[in-house]
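Participant: Sequence plus the predicted model coming up.
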Amino acid sequence: MKKYLLLGALLCSHVQAAGEGYMNFVRQTQQGTGVVYSVNVTPEGSAASQGLLENGGALFQLWTIESATAKDYLLDQKLVGAYMPAANITVQTLDPYPVRPRTRVDKPFTVKVNVSNLITSGSNIPDAAKRVLLEHHLGKYTATKGSFTLTEATSGTPKSSASITTNGTTTLSFAATNLTTTPDPTKVNGEEWFVVHALADGTITQSQIASANVQVWAYATGSIDGIASGTNIRTKAPAFTLTLKDLYPGSFTYLKVTPVSGGPSMNVLASQQLATGSTSLSKVLTIADYDYVFPADGTYTMELLTETPFDTVRLASTSVTVNRVIEVRGLLGGLDQ
Amino acid sequence: MKTTFALLAILSASALAAPPVVDPITPEKLTELQASSDPMAELRKQQQTAEKEAKVVRPGEQSIIKQSEILHDGAHWTLVPKGAVLHVPAQMRPRVGTKPLGDLLSWTDFLIANRAWISTEEVSFDQAAGKKPLPEKRVEFWKNQTSVIVATYQGGPISVKAIEPATPVATTP
């Protein structure tokens, strides 16, 4: 059985991962014979593999090499074959970020696994044709490790695994992340990987036929330090600090000041932080010269808020009373001669 | 100045005032949420198959550079699968198997720039797999060439397995 294989659908979703300064390569390794065939690929688009797809299947690997450093990265790989199950995995989160699936520790996400080419009836069917194995791998970020390659993420023992024996889409709905840490499980960053393996029959060197991952970010925390609740402001408002930790990527954080008696709220401009990077943000801000948020005497609440794609969270709050009425006590009298 | 600040602050506050404000999740609540569902366990139940030991092979440490032969012209380099270089004349040995230095070029661009010392030999998949031998005449021809010969299939470099020499048959005198 020999077929040409369309590479486009297989790999185009990952090709954009490497851009200027990188050169992409697709390697096709025949599982039966070990023949290695090299195809150059453009940063985007699709192409039909000129290589033959023989019995036993072929492993397609998408590599990129950074020209300046000659460092190579395995971006994706798939094992395909004429009689081999095929799979595709997508991860959906509540964050519309277009680059990659990402979420926050407490938010639900869905994993859809689409499997085809499984043989579901008949006798004497080899196990490898009747089922695939779905694995769930977890990887926590550390101070020195802020990302995982495909190999790093999926080479260890999985957290859990389950067989899929039916063609079609299997949907897994997770209520929150499966990553955890102590003492505070809300403070974990990392990745959850899902991998579908064909069952190895001894002739193939690798059995992964699909993979996908979701990036998980910790819950933000923050505090207002240096201005106690109930502080009375009689002259210039005192300086204080905002401690911001693990602000969600793309979030907007600010200190909102609202008069208790009613009226419009105002943001302290120096407190506004847009987490523009692709990772979370931690920062300590010193706030001074913010008297403009107190246009009149009265009691004000100060709320440290962070807006994310999921919700707006009150990280901390305090209240102050402004009383700037100056009482002048004087004595009016005449001077008797 | 103060008025400008106040206006800016009001504007930024009103423009962003939208979703309801919630209090942070507690560690206990998150732990509860995490324990509330286990879709992988549910999947195992649904499939109702005897979970026999499933043999899989996970990717180990790999490097395309280590799995390749480097070709170098002094300023540029490219890489082809190991086994794709069929013939290297003595004077060309410094250009094959070196460390990657300079600018990386695609195979096609590198070949165009170095036609003077690289020739390609189209092979079939059976020849690449070692099922059929390469034509003896061609192998003899390369020996007299000053070019590096690279095996290609439809223009792309391909590894070629050497055919195992046949085991001599024992004969009785």
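Facilitator: Noted; the coordinates are in hand. Note that the structure is predicted; figures quoted are calculated from it, not measured.
Participant: So, low pLDDT: which residues of chain B?
Facilitator: Where chain B drops to pLDDT under 70, the residues are B:1-19, B:47-60, B:164-173.
Participant: And the residue positioned nearest the centre of it, how close does it get to residue A:302?
Facilitator: Centroid-nearest residue in chain B: residue B:64, 5.1 Å away (criterion: Cα atoms, centre = their mean). Going from residue B:64 to residue A:302 by Cβ to Cβ, to the nearest Å gives 55 Å. (C-beta placed from N, C-alpha, C; glycine too.)
Participant: same deal with residue A:186?
Facilitator: Residue A:186 is 23 Å from residue A:302, by Cβ to Cβ.
Participant: Please state the offset of the host helix or strand of residue A:223 from the chain centre?
Facilitator: Residue A:223 is part of strand A:221-225 when elements are defined by DSSP states H and E. Put simply, strand A:221-225 sits 24 Å off its chain's centre (Cα atoms, centre = their mean, to the nearest Å).
Participant: What is the burial count for residue A:282?
Facilitator: Residues near residue A:282, counting by other Cβ atoms under 10 Å in any protein chain shown, number 15.
Participant: is it true that it touches residue A:246?
Facilitator: Yes: under the criterion of Cβ atoms under 8 Å, residue A:282 makes contact with residue A:246 at 6.1 Å.
Participant: picking that back up, tell me who's in contact with the residue nearest to the centre of chain B.
Facilitator: A:25, A:27, A:61, A:63, A:65, A:72, A:74, B:79 (Cβ atoms under 8 Å, 6 or more residues apart in numbering or on different chains).
Participant: correct me, but the first one touches residue A:38?
Facilitator: This points to residue A:25. Yes: proximity of residue A:25 to residue A:38 meets the contact threshold set by Cβ under 8 Å, at 6.2 Å.
Participant: anything in contact with each of the two?
Facilitator: Common neighbours of residue A:25 and residue A:38 (Cβ under 8 Å, 6+ apart) are residue B:79.
Participant: What are the boundaries of the helices in the chain?
Facilitator: Answering for chain A, as no chain was given. A:8-15, A:127-130, A:150-154 (DSSP state H).
Participant: actually chain B
Facilitator: B:2-16, B:27-35, B:39-47, B:107-113, B:125-128, B:136-143.
Participant: what are the C-alpha coordinates of the shortest one, in CSV please?
Facilitator: C-alpha atoms of helix B:125-128 as CSV (Å, rounded to 0.1, in the frame of the first residue of the first chain):
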residue,chain,number,x,y,z
PHE,B,125,12.7,4.5,-2.5
ASP,B,126,13.7,0.9,-2.9
GLN,B,127,17.3,1.9,-3.5
ALA,B,128,17.1,4.2,-0.4
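Participant: Which neighbouring elements make contact with that helix?
Facilitator: strand B:148-153 (3 or more Cβ pairs under 8 Å, 6 or more residues apart in numbering or on different chains; DSSP states H and E).
Participant: Residue numbers of the stretch 201-337 of chain A in contact with chain B?
Facilitator: Counting by Cβ under 8 Å from any Cβ of the partner chain, the positions of the stretch 201-337 of chain A adjacent to chain B are A:201, A:204-208, A:219-221, A:252, A:254, A:256, A:264-269, A:272, A:291-293, A:295, A:303, A:305, A:307, A:311-315.
Participant: change it to 6 Å
Facilitator: A:206-207, A:219, A:264-267, A:269, A:292, A:311-314 (Cβ under 6 Å from any Cβ of the partner chain).
Participant: The stretch 1-150 of chain A now?
Facilitator: Looking at chain B, the residues of the stretch 1-150 of chain A close enough under Cβ under 6 Å from any Cβ are A:23, A:33, A:35-40, A:50, A:52, A:63, A:65, A:67, A:70, A:72, A:106, A:133, A:136.
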